[in-house]
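Asks: sequence first, then the predicted structure:
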Amino acid sequence: MPVSSFLRPFSVCVFFLTVYAAAHAENSPVTFHKDIEPLLQDRCQTCHHPGDIAPMSLLTYKDARQWAKAIKEYVSLGKMPPWYADPSAHQHYQNDKTLSSAEIQQIRAWVDAGAPEGDPKDAPLPRNFPDGWNIGKPDLIVPMPKPYQIPAQGTIAYTYVIIPTHFKHDMWVQAAEIRPSSRSTMHHSILFLRTPGSKWLAGYPKNQAFVPKPRPGTDGRSSEGDRTEEGSLADEWLASYVPGQRPWIVPPDTGFLVKAGSDFVLQIHYTANGKPTEDLTRIGLVFCQGVPAKRAYTATLGRGDFAIPPGDPNYQTDAAVTLATPVTLLSASPHMHLRGKAMTLNAVYPNGSSETLFSVPHYSFNWQQMYVFETPKLLPVGTRLEATAAWDNSTNNPFNPDPKVEVHWGDQSWEEMMLSVMIFQIDRHTDLDHIYAPDEKRASN
Ligand code: HEC
């Protein structure tokens, strides 16, 4: 038998199979359970579940069906999922949930077909958010000692609550999350550690909310709550709840150190929402199993001595620090207020080469995302970290509270800040006082 006639029936068969598969794919409608639900789980539900930062849940078919048209619009315009890092930096971030054009096309096709449900048997296993926590079920939940009463109106100064941990041993924290009971009044919150011996906020009461005294000579822009003077480098951030940010992710063999006898210091910025409201914020902690291989440490790089001229559309400043100890950089994020325009973080390596770690060319105050490196960055001793920030204090900035004033560092959103918050992974025994070059002991406010 000639070879060709032996092959023919086989190839005809393959041809028909291919045509059949293509036709089938075209005719098989895109359904929620089969095609859309897995996408929503992976790209949307961390924020779109009850009690989290997004205005509505997208956990079930019923939820998503109701929002189908808006979903199509938001994903088509690239507004959701939110993502502000410039791809030109050529970094890969673990938490980049951007949809591919094929995925966007699939969502559009689903909505255009009338958002069909499909067969529930096709559904993936549901994602679980125990009691709403993003970090999983906490090993320990620390509530504020008393609910805080937020007035209906007015500006509310940063409020602090010192909560003693009563930890008798050093503890290692794998993940921490701040959950307000009243999201609509919480503008942001930061959970700091106050290590034994720190003079920061000494003399203020424990277990009750207070507003620290203003620092003399700062026009009320700085208070004794700022860690600038008395704090030690070990008084680090353990968690933050800022617009658009998710709880921080660190690898399983890594933990934040909470020294025995430390206090938690919760800084909360409440904003009035038109009616008197009560908030009881809770802190959730997941502990490492045993002593982790590495320590996670939250470093901040920034500067506070800027003066942004009135009307300036592109006022820039920068801050830099040199590492005196090897660091693995896990993630980094920009922080500015309403005039924030752009921020870049670069690493200049001892061999002279350099790279951009993140570039956020269109900074949005509402999306202060952490950029979590897919491959953590190994920064040898001598690496210089350089942050550059730009503000738009002109009338072109629609969020500008007042283009006619000179703007300085300050707590409130109509004042400014310039910080890059970075999560370092370091050797457990690193002495924090030797982490930076000697004349750069403190990298920022
Ligand atoms: C990082 C958190 C986050 C992720 C991830 C996210 N969203 Fe959102 N989403 C929000 C927040 C917060 C809002 C409200 C503020 C806004 O509209 O910018 C919102 C608003 C929306 C709206 C508009 C709702 C309205 O009131 O009109 C739609 C639609 C939406 N998201 C769909 C999605 C879809 C679809 C995905 C996944 C592909 C997604 N989101 C991923 C946080 C998120």
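Replies: Looks like it arrived, so ask away.

Asks: what helix or strand is the closest residue to the ligand within the stretch 251-400 of the chain on?
Replies: Using Cβ to the nearest ligand atom, the single residue of the stretch 251-400 of the chain nearest to the ligand is Asn366, 6.5 Å away. Quick note: C-beta positions are derived from backbone N, CA and C, even for glycine. Counting by DSSP states H and E, no helix or strand carries Asn366.

Asks: and it, what is it in contact with?
Replies: 243-244 (Cβ atoms under 8 Å, 6 or more residues apart in numbering).

Asks: what do you get for Val360?
Replies: With Cβ under 8 Å, 6+ apart, Val360 has these contacts: 84-86, 334, 342-344.

Asks: the closest residue to Asn397 other than its chain neighbours: neighbour count?
Replies: Spatial nearest neighbour of Asn397, excluding adjacent residues (Cβ to Cβ, 6 or more residues apart in numbering): Arg339 at 6.3 Å. Counted with other Cβ atoms under 10 Å, residues neighbouring Arg339 total 26.

Asks: what's Arg339 in contact with, if anything?
Replies: Arg339 is in contact with 308, 391-393, 397, 399-400, 407, 416, counting by Cβ under 8 Å, 6+ apart.

Asks: select from those the one having the most neighbours.
Replies: Trp391 (28 neighbours).

Asks: against Asp86, how distant is that residue?
Replies: Distance of Trp391 to Asp86, given as Cβ to Cβ, to the nearest Å: 18 Å.

Asks: same check on Ile107?
Replies: When distance is defined by Cβ to Cβ, Ile107 is 24 Å away from Asp86.

Asks: and the two? which has more neighbours close in?
Replies: More neighbours surround Ile107 than the other of Ile107 and Asp86, with 23 against 15 (other Cβ under 10 Å).

Asks: which residues touch that one?
Replies: Counting by Cβ under 8 Å, 6+ apart, Ile107 touches 36, 39, 71-72, 75, 99.

Asks: adding secondary structure, write those residues out as JSON lines.
Replies: JSON lines is the format used below for the contacts of Ile107 (DSSP: H, G, I helix; E, B strand; the rest coil):
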{"residue": "Ile36", "secondary structure": "helix"}
{"residue": "Leu39", "secondary structure": "helix"}
{"residue": "Ile71", "secondary structure": "helix"}
{"residue": "Lys72", "secondary structure": "helix"}
{"residue": "Val75", "secondary structure": "helix"}
{"residue": "Leu99", "secondary structure": "coil"}
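
Asks: chain neighbours aside, what residue packs nearest to Lys146?
Replies: Once flanking residues are discounted, Lys146 sits nearest to Gln208: 6.9 Å by Cβ to Cβ, 6+ apart.

Asks: I'd guess the one you found is in a strand, am I close?
Replies: No - judged by three-state DSSP, Gln208 forms no part of a strand; its state is coil.

Asks: okay, now it: neighbour count?
Replies: So Gln208, with other Cβ under 10 Å, has 13 neighbours.

Asks: which pLDDT value belongs to it?
Replies: On pLDDT, Gln208 comes in at 95.

Asks: now swap in the one 4 residues further on and tell me
Replies: At Pro212, the model reports a pLDDT of 89.

Asks: now the residue positioned nearest the centre of the chain. Its backbone dihedrals?
Replies: For the chain, Gln245 is the residue whose C-alpha lies nearest the centre (Cα atoms, centre = their mean; 3.0 Å). Phi and psi for Gln245, reported as degrees, to the nearest 10, are phi -100, psi 150.

Asks: surely it meets Gln368?
Replies: Yes - using Cβ atoms under 8 Å, Gln245 is in contact with Gln368, at 5.3 Å.

Asks: any residues in contact with both of those two?
Replies: Joint contacts of Gln245 and Gln368 (Cβ under 8 Å, 6+ apart) are Ser333.

Asks: in the strand or helix carrying Ile107, which residues are buried?
Replies: Using DSSP H and E, Ile107 falls within helix 101-112. Neighbour counts over helix 101-112 (16 or more other Cβ atoms under 10 Å) mark 103-104, 106-108, 110-111 as buried.

Asks: again with stretch 403-420
Replies: Using 16+ other Cβ under 10 Å as the burial criterion, the residues of stretch 403-420 that qualify are 403, 407-413, 415-420.

Asks: same question for stretch 342-358.
Replies: 342-348, 356-358.

Asks: residues making contact with stretch 396-408?
Replies: Defining contact as Cβ under 8 Å, 6+ apart, one finds that stretch 396-408 is touched by 221, 306-311, 313, 338-339, 341, 365, 391-395, 413-416.

Asks: now, which of those lie within helices?
Replies: Among those, no member is found in helices (DSSP state H).

Asks: for Gly114, see how far away His48 is.
Replies: Counting by Cβ to Cβ, the gap from His48 to Gly114 is 22 Å.
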